[in-house]
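Enquirer: With the input below, show me the fold.
(one chain, ligands or ions: 1)
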Amino acid sequence: MIKKKKISKEERIIERRKELAKNGQVAAIWTRVSSADQYKTNCSIETQLDGCYNYCNRNNIKVKHEFGGENESAKEAGDLFLEMIGEVLNDPEYNTIIVYDFDRFSRNSDDGIYYKTKVKKNGINVISVNQPIDANNILASQLENFLIILADIDNAMRRHKCYNGMVGCINRGEWFSKPPIGYDTKKVDKHHVITVNERGKILKRAFEWMANEPSISQFEIQRRLKAQGLDIPKQTLSSCLHNSFYCGRLEHQYLNTDTPNVKYDRYGNPYIMGVQEPLISEELFEKVQDVLDGNRNHYEQAIETPKFPLKKHLYCAKDYRLLTGYTTKGKDYYKCGLIGCKTNISADFVHSQFKEILDRYIIPSEISTIFAKVLERKFQEKEGADVEAARNIKKKLETLKTKLKTVNRRYALDEIGKDVYDDVKKDLLMEINATEHELRQSKAKLSNLSKYVNNSIAIASKLGSYWSKMDYKLCQMIQKLAFPQGILWDGERKALRTDGENIFLAEIARLQSINPNEGIKKQDTSSDVSCLVAGGGFEPPTSGL
Ligand SMILES: [Zn+2]
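Expert: Predicted coordinates for the structure are as follows:
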C-alpha cells in the first residue's frame, strides 16, 4: 500500500490561496482607534477607511471585508484583531491586509512583527497605505518591521509624556503618591508635604531594635510593635525595614540619574535626598541593612568593580552558571562558578568580543534617511498632540476660575454659609494650583521631542563605544537593554552567544548584515519569529528629556 503524504489544513489553504491569487489581490481592511489616539486629529475610523478604499481602488485590489472599526487596547493584540487574523488565515481568497498606517496594525511591536510574519508565511501581505513599500525591495520586510517598532517607540514616548508631572515631582525630591506606613501627606502650595505621624514614631523603634539587637527576629519586632499599638503584617514590616524612604531618601524609576545630586546605595540603586521628614538617620538605616544582609547570607554581595562589567550578566554556555571575575598575576579572568567546570577566559578577550557585538548595532545609511523621515513625521504628530493637550488644560483652568468667582459671589450675597464656602474654596484652589502646574509642565515639553528621537538613534548606534567607557552603571544599562536575558560564553567555541537580544537592536544588526550590492541576505533569520517575540520592547532612554 502506498502511503499518501498527509498535508495539513493550513497547507491546503495556502495552496488554494496561491491558486486564487492569480486572479488578483483580495483584501481585508483593518482599522482601529486606541485610547492613546484621542488627541490625534487624523486617524478617525472614517479617515482610515477612506484612505484604505482609495488605495484599493487605485491599485485594483478587491475588498472582501472590513474588520475592526472600534476602540481597541493599545497594549496587546485585542480580540477583534485576533478575530480578523483568524478569519483571514482561514479564508484562501484573502491575500492582502490593508491598514492605513503600520501603527494601526498593532501598537505593540512584538505582536505586530509576530502576526505580520505569521500571515506572510501563509501568503498574505500587510500593506500600509501611508507607507507603501516596494515589495520587491530586499529590505522591504525589514523596513516594515522597523515601522512597527517605531510605533512601539512612539507608544513609549506617549507613556513618558503622561508622566512628566510625576517625573518633575520626583526629581524635586517630592513623593507624589501614597507614602509608606507612618507618614501623613498633604498638599501645601502645590507641594507634597510628608510628615511622620504617631504610627511612624512607633515604627521607628523597629529600626532601633534591629540595629541594637541584631539577632532579634522580625516576629519579635512585630510582637513588640503590636504591644505598643502598631499592628502590621510581617511582609509589610520587612518592606518597611528595607525602605530607604524612612531615612529621607527617594528612589524611583523616574529619577533622572544625570543630575549631580544623585547618589547610589550599596546595591547600585540611584537615589536622591527627598524633602519628606526623615523618620530615622541614614546611619541607622545602613546599620539595619547590614543586619538584614547578614541574615540573608549574601555571598555574591561584593561590590562590582569596573574591571568586570559583565559580572552577573555572563553565563557559562555549558551549565548556565554565572561567571565570576577574579584577578591573578595582574590579569583579569572570568570563570565558571560550578565546581569541576573548567570554563575560564581572559576578561580582556571577552570584553573585546562583546564590544564587537555591540558595534554591529549601527543604523545602515540606506535606512537612516527613511528612518529619519518617519521619525520626523511622528515628531510632528507629537507636537500637535502637545499643543492640543495644553489647550485642554487651559480650558479646564478657566472653568475652575469661573467656578471660584461664582462661589465668592454667592458667599458675598449670603447664599451660602461660611463652612460650605471655606470647603469649596479650598478644594477649588487646590485644583487650580494643580492645573497651573500641569500647564507649565506641558508647555515646557513642547520642544523637546526631537532631541529625544535623535538621542535614541544616536545611543542605539554607539553602544559599543559607550560600553567601552567601562563606567559600571552605563555598562549595566547597555547590557540589560541589548541582552535582557544575559549572554553566554561558549568555552569550546571560544565565542560569545547572544540569545534573546533586544528586537530593535536585532533588526539593526540584521540590516547591517545585508550586503546592498549583492542584494542577498548573508544570514536570513526572518523566519525565526521566536527571537523577535522573546525580546522586550525598546524603551528609549529617559535621560533624553
Ligand atoms: Zn560552566
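Enquirer: drop to CA atoms for contacts and neighbour counts, all remaining ones
Expert: Fine.
Enquirer: Okay, buried residues for the strand or helix carrying M430 please.
Expert: Assessed by DSSP states H and E, M430 sits inside helix 418-444. Applying a neighbour-count criterion of 16 or more other CA atoms under 10 Å, one finds 421, 424-425, 428-429, 431-436, 438-439, 441-442 buried in helix 418-444.
Enquirer: Could you list the low-confidence segments of the stretch 1-150 of the chain?
Expert: Scanning the stretch 1-150 of the chain for pLDDT under 70 picks out the ranges 1-6, 34-42, 71-77, 107, 132-150.
Enquirer: Do a quick rundown of the strands in it.
Expert: For the stretch 1-150 of the chain, the strands defined by DSSP state E, counting those that start in this stretch cover 26-33, 62-71, 96-99, 125-128.
Enquirer: With the stretch 151-300 of the chain instead?
Expert: Using DSSP E, counting those that start in this stretch, the strands of the stretch 151-300 of the chain run over 183-188, 191-196, 249-250, 263-264, 270-273.
Enquirer: residues near the closest residue in space to G248 that isn't next to it in sequence, how many?
Expert: With CA to CA, 6 or more residues apart in numbering as the criterion, G248 has its nearest non-adjacent residue at 4.5 Å, and that residue is P278. P278 is flanked by 19 other residues according to other CA atoms under 10 Å.
Enquirer: Let me know whether P278 touches Y246 as I believe.
Expert: Yes: using CA atoms under 8 Å, P278 is in contact with Y246, at 5.5 Å.
Enquirer: want to try CSV for the strands of the stretch 1-150 of the chain, with distance to the ion as columns?
Expert: Converted to CSV, those look like this (distance: least, CA to the ion, whole Å):
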stretch, distance to the ion
strand 26-33, 50
strand 62-71, 51
strand 96-99, 48
strand 125-128, 45
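Enquirer: for these, which one sits closest to L463?
Expert: strand 125-128 (31.5 Å; CA to CA).
Enquirer: State the paired neighbours of that closest one in the sheet, together with their directions.
Expert: Using DSSP bridges, the strands paired with strand 125-128 are strand 96-99 (parallel).
Enquirer: And the contacts of the partner strand?
Expert: Strand 96-99 is contacted by residues 25-31, 48, 52, 105, 124-129 when judged by CA atoms under 8 Å, 6 or more residues apart in numbering.
Enquirer: swap the cut-off to 6 Å and go again
Expert: 27-30, 124-128 (CA atoms under 6 Å, 6 or more residues apart in numbering).
Enquirer: Narrow these to just the buried residues.
Expert: The buried subset of the contacts of strand 96-99 - by 16+ other CA under 10 Å - is 27-30, 124-128.
Enquirer: what's the closest of those to E220?
Expert: Using CA to CA, the buried ones among the contacts of strand 96-99 come closest to E220 at W30, 61.7 Å.
Enquirer: Show me which residues of this structure sit near the ion.
Expert: For the chain, the residues in contact with the ion (CA under 5 Å from the ion) are 316, 319, 336, 341.
Enquirer: quick one, phi/psi of V129?
Expert: phi -60, psi -40 (degrees, to the nearest 10).
Enquirer: which ones are touching it?
Expert: Applying CA under 6 Å, 6+ apart to V129 gives the contacts Y100.
Enquirer: and what of E251?
Expert: Contact analysis of E251 by CA under 6 Å, 6+ apart lists Y271.
Enquirer: I'd like to know the phi and psi angles of it, please.
Expert: Per degrees, to the nearest 10, the backbone of E251 is at phi -120, psi 130.
Enquirer: From I45, how far off is it?
Expert: 43 Å (CA to CA, to the nearest Å).
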